[in-house]
Structure formats: C-alpha cells, structure tokens
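Chemist: Sequence and predicted structure, then a few things I'm wondering about:
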Amino acid sequence: ISGTAALHLALKIINISARDVVMIQSFTFCGTTNPVSYLDAEIVFIDSEEDTWNMCPIALQNALEEYKHKSVKAIMPVHLYGMPAKMNEIQNIANQYGVPIIEDAAEALGSHYKSQKCGTFGEMAALSFNGNKIITTSGGGALVSKNKNYIDQALFLATQARDKAPHYQHSQVGYNYRMSNIVAGIGRGQMKIVDERVAQRRANNKRYHEFFADVDGITFQTEPGPDYFSNYWLTAILIDPQLTEGLTREDVKVALDSENIESRPLWKPMHMQPLHEGAKFYGTGVCEELFEKGLCLPSGSNLTEEQFDRIFTTLKKIFNK
C-alpha cells in the first residue's frame, strides 16, 4: 500500500464515482489528486491561505456554495510539509454542507492541531511511509479511521476483495494493496522513535531560522500560533527578490545544486498542471505565489554537522553573509 492507495481506498469506501465532485487543496503532490482521477470524478481545486499554506476556508466556502446543488462527495485538505491545516474552520464548513473530510496526512505524522493528531479529524486519512518520510518502510502507507466499518471495508478491498468462501470467490473488483509482514515490521519498529524523528526535523528547522534571522527577504512556513505543532517534515522558505537584491528562488536552487546540495521548489499547484487543464479553481492565487517564491531546504532527520557546515557555507556565499 501507499499513501496514494490509501486515499484511493477511502474514496472507494464512500462511493465516489463519475459525476461526483471532490474538492482538493491545489497546493499538493499528484498523489492526492490521482486517486480521484482513477474514479473519473470531477476535481475542484481550492487555494491556500497565507498562514499555513494549506486549504483556504474562505475559498472552500465559496466553492461549496457554488456547488451546493451538485454531488460534492468529499473535501480533501492536505497538511503540507507537516503543517496542520486550519481544521476547525474546515470542519465547520464541511459540516455546514454535509460533506465528509478525507485528510491527506502523508507528510504530517507526529503533527497536531489543538492537541489532536493530524489524520484524526476526517472520516478517514492517509499516511505515507515513503523513503523520505518521518518514518519509512521504503515504500508504503496506511489508511486510518475511527470507523471500524471503514477499516474492515479497506482491508477487504486491499486484499483483492475476496469473499468469505472456502474457495476463491470475488463479487467485486479489489486491489493488491497489501503491505508485506516484513515491511510492516520495519514500520512498527520505527513507530517507537517517531517523537525522536520529529524532534530532529524540528531542530533542523530551528537551525535554518537562526541562520536566516538577519537575512532580508526570507520567510518560513511556520506555526501560526500555539494551536499548531508541525513535524517540519521539510523546512520550506519563501525568497522575495524585492528584498534580496534580485536574488530569486531559482538562483538559490542553482547555487546549491552547483555544490551538490539538493533543494526543491515547492509543489507546483495542481490546477496549474497540464493534467488538470481547465479544472475549476477557487481562490486568489496564494498557492501560485508560494510556488513562484518557495524552496524546500535539505531537511533529512540524519543531517550531520559536516553536511550542515556545507549547506551554511554555501548559503553564506549566496546571500553575501
């Protein structure tokens, strides 16, 4: 299984099909959106807000109001880079229109909002244990829910939908989304050190904050207040050329690349992707600006002092610090 497969199962369980509508945060990876496309449902993209970079409640409200006479079957917020979305506001709006929430918490294991863990707000949620996540099973993921019936359905569908019979009998299409016992054992062992891994990522974020404290034009994706606790899976910054003497996100990325230091632009919003040309988008373009200015810095849990020295030495040259 993977985080993408978990979302696919969640959508199948609530009977998403063609002609249904799913509202999704545009600022995300295609693993969030592809499962909706598998089912031929319509995707309506929702902009981000500036505080967390996640689903904008105002844009969501506007979209739901316009679509209230259509079959809107799910809302899918994402906890981007581990930052909790504004779940209270999103939940209140979802309840107002009677639409269930499926969380993409793939990047947010260990994060919480108002002391409630990300992935426990919606009807169901997806986690990812991909090779670059807080804990990893090399590849893999999980579907989580408080609803036992949903979990039972997920297990049935994920194991080829084999009916209860002494022989192999199938009355509906299933999927080979099983996780092997070996892979699951690797994941279970790492669950014991989730807090340690989160602490390492948060320590990385703090070091970058300290480095950039006196550099104009650099802002961070950061917790808006005490209700938010991010695992800071990735440390992400915005680079404003108007305040950095013309230095752009791409300039910084190229300079880091030249020293064999990997950095990446933020996710390209899904409504800007060729795959979703013509899809409806609600918002003011916040996520487009984030993409234009944003960069993910090296954030691995196992970054060494020597590696940080290389990173900061290069950044000092870039920013004439």
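Modeler: Alright, I've got the coordinates. Numbers count the residues shown, from 1 in each chain.
Chemist: Low-confidence ranges, this protein, go.
Modeler: Within the chain, not a single segment meets pLDDT under 70.
Chemist: ranges for the helices of it?
Modeler: 3-13, 30-38, 57-66, 87-97, 148-158, 181-191, 194-212, 249-258, 286-293, 305-318 (DSSP state H).
Chemist: Take those and write them to CSV, including mean neighbour count and distance to His271.
Modeler: Where C-beta positions appear, they are placed from N, C-alpha and C, glycine not excepted. What follows is the helices of the chain, written out as CSV (neighbours: other C-beta atoms under 10 Å; distance: least, C-beta to C-beta, whole Å):
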stretch, mean neighbour count, distance to His271
helix 3-13, 25, 18
helix 30-38, 20, 10
helix 57-66, 19, 11
helix 87-97, 17, 19
helix 148-158, 16, 29
helix 181-191, 13, 33
helix 194-212, 17, 28
helix 249-258, 16, 20
helix 286-293, 20, 8
helix 305-318, 14, 31
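Chemist: And these: which comes nearest Ser230?
Modeler: Proximity to Ser230 (C-beta to C-beta) singles out helix 194-212 among the helices of the chain, at 7.7 Å.
Chemist: From the rest of the structure, what touches the closest one?
Modeler: 82, 109-111, 134-135, 190, 218, 220, 222, 230-233, 235, 237, 297, 299-303, 308, 312, 315 (C-beta atoms under 8 Å, 6 or more residues apart in numbering).
Chemist: In ChimeraX, select just the buried ones from those residues.
Modeler: The following ChimeraX line selects those of the contacts of helix 194-212 that are buried, judged by 16 or more other C-beta atoms under 10 Å:
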select :82,109,110,111,134,135,190,218,222,230,231,232,233,235,237,297,299,301,303,315
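Chemist: can you tell me which of the contacts of helix 194-212 are in strands?
Modeler: Ile218, Phe220, Thr235, Ile237, Leu297 (DSSP state E).
Chemist: wait, Glu223 sits on His112?
Modeler: No. Checked against C-beta atoms under 8 Å, the pair Glu223 and His112 is beyond contact range at 10.9 Å.
Chemist: I'd like to know which of the helices of the chain is closest to Glu277.
Modeler: Closest to Glu277 of the helices of the chain, according to C-beta to C-beta: helix 30-38, at 13.0 Å.
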